[in-house]
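# I would like to see how this sequence folds:
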Amino acid sequence: MRVAICIITRRRPDGLARLLQSLELISVPEGVEVELVVVENDAPSDRTPPPTSLRMRHAFEAEPGIPAARNRTLEIALADPGIEMLAFLDDDETVDSEWLVALLRTARRSDASVVTGPANPRFPADAPPWAAASGVFQPPGYPTGTSRPWAFTHNALIAADVVRSGGFRFDETMRHHGGSDKDFFRRVRDAGHEIIWTEDAVAWEWYPIERIRPGWVFRRSYRLGTNTPQAEGGAGVLKAAGLLVRAGRFAARGLIRVVASALRPRVAVARAAWDFGRAAGLVAGLAGRRYEEYAERHESS
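You can find the predicted model right below:
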């Protein structure tokens, strides 16, 4: 079996080097070959990726936006008929040594087309205590074997033939406001392909100190809310009603958690930023508004 690990990046050489170093240390099951497909979302140049002992195919994608770069990784990987599985990671991550073993083991045991796992937070040494205590950076977890409605490219494995035969691609209209990975895997699931969670395939998302701010937490949660209607398949009347109910639940949870965390004001502020940000984003998304966080990154580069 040949597995292509697809990674997109944009002017993050240190983060990419850290990820590649962790991938060099992963356990690879007998009979499995691993190679990397790295696409830089930038104009072509003579810039080269950090060195690695792993086989790598490297390219540039000048069209701005995460979906275009991800589609370029698919184009490169799927052009090789020998690639049987595609894995996805982000350039601000590292992985545990048993990450790939766990993904492949769950795929084999469940016969699922997609397997996904957690992207747990890693903080710098000088991170304030509320970052971990608040839980706002910690993604939800599920027992291994849980069926999921979608996955994300920060930690996922998919059968290459599913993508080839289904013609699945990332929606490039979502280039700047995020959610194209959730939308991609949701469409794969809607086409009848099961998505299974595996708790022991662990990736780690590294948060720089500038992100450990309540304002960043609010903006990130707000963006996730605004892209939810499109990422989850549109907003008909019933869907819109469900999203409004979800927004109400986030707002209510925010109030409850503020009161419960009153003796830890920094934790309370962080939790309020997350919950109220999501509630506001869901309502804004239903109204057609988008927060183009990734456009700001391109414009500031």
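
# would you put the C-alpha positions of the one helix or strand Arg186 maps to in CSV?
Applying DSSP states H and E as the criterion places Arg186 in helix 180-190. The C-alpha trace of helix 180-190 is given here as CSV (Å, rounded to 0.1, in the frame of the first residue of the first chain):
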residue,chain,number,x,y,z
SER,A,180,-13.8,23.8,2.8
ASP,A,181,-12.4,20.7,4.5
LYS,A,182,-15.6,20.2,6.5
ASP,A,183,-17.7,20.6,3.4
PHE,A,184,-15.5,18.2,1.4
PHE,A,185,-15.8,15.4,3.9
ARG,A,186,-19.5,16.1,4.5
ARG,A,187,-20.1,15.6,0.8
VAL,A,188,-18.1,12.3,0.9
ARG,A,189,-20.3,11.2,3.8
ASP,A,190,-23.4,12.2,2.0
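
# other SSEs contacting it?
Applying 3 or more CB pairs under 8 Å, 6 or more residues apart in numbering; DSSP states H and E, one finds that helix 180-190 contacts helix 66-78, strand 114-116, strand 156-159, strand 195-197, helix 228-231. C-beta coordinates here come from the backbone N, C-alpha and C atoms, glycine included.

# For it, buried residues please.
Neighbour counts using 16 or more other CB atoms under 10 Å place Ser180, Asp181, Lys182, Asp183, Phe184, Phe185, Arg186, Arg187, Val188, Arg189 of helix 180-190 among the buried residues.

# Give me the angle between that helix and helix 66-78.
60 degrees (axes from the mean of the first three to the mean of the last three CA atoms, to 10 degrees).

# what mean pLDDT does helix 180-190 have?
Averaged over helix 180-190, pLDDT sits at 97.

# just to revisit the earlier point, let's have the buried residues of helix 180-190 in TSV, adding distance to Ala231.
Below are these laid out as TSV (distance: CB to CB, whole Å):
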residue	distance to Ala231
Ser180	8
Asp181	8
Lys182	4
Asp183	4
Phe184	9
Phe185	10
Arg186	7
Arg187	10
Val188	13
Arg189	12
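
# quick check, nearest of the residues you listed to Pro64?
The closest of these to Pro64 turns out to be Ser180 (CB to CB; 13.2 Å).

# Relative to Gln230, how far out is the closest one?
Distance of Ser180 to Gln230, computed by CB to CB, to the nearest Å: 9 Å.

# what touches both of the two?
Listed as contacting both Ser180 and Gln230 by CB atoms under 8 Å, 6 or more residues apart in numbering are Asp171, Met174.

# And the helices in the chain, which stretches?
Under the criterion DSSP state H, helices of the chain are mapped to 13-23, 66-78, 99-110, 130-134, 160-166, 180-190, 214-226, 228-231, 237-260, 265-286, 293-300.

# which regions of the protein sit below the pLDDT cut-off?
Applying pLDDT under 70 to the chain flags the ranges 235, 294-301.

# one step back: with respect to burial, which of the helices and strands packed on helix 180-190 scores highest?
strand 114-116 (a mean of 27; mean count of other CB atoms under 10 Å).

# Pull the residues that contact that one.
So strand 114-116 is contacted by 103, 106-107, 148, 151-152, 155-159, 162, 185, 188-189, 193-198, 201 (CB under 8 Å, 6+ apart).

# So in that sheet, which strands flank that strand, and in what orientation?
Strand 114-116 sits in its sheet next to strand 156-159 (antiparallel), strand 195-197 (parallel), going by DSSP bridges.

# Redo those as CSV? Include distance to Val136.
Output for the strands paired with strand 114-116, formatted as CSV (distance: least, CB to CB, whole Å):
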stretch, distance to Val136
strand 156-159, 23
strand 195-197, 21
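
# Ile209 touches Ala131, doesn't it?
No. Counting by CB atoms under 8 Å, Ile209 does not reach Ala131; the two are 9.5 Å apart.

# Neighbour count: those two, which is higher?
Between Ile209 and Ala131, counting by other CB atoms under 10 Å, Ala131 is the more crowded of the two (23 against 13).

# Surely the more buried one is in contact with Pro124?
No. In this structure, Ala131 is not within contact of Pro124 by CB under 8 Å, at 9.3 Å.

# Just give me the neighbour total for the residue nearest to Arg70 when sequence neighbours are not counted.
Once flanking residues are discounted, Arg70 sits nearest to Phe170: 4.5 Å by CB to CB, 6 or more residues apart in numbering. If you count neighbours by other CB under 10 Å, Phe170 ends up with 22.
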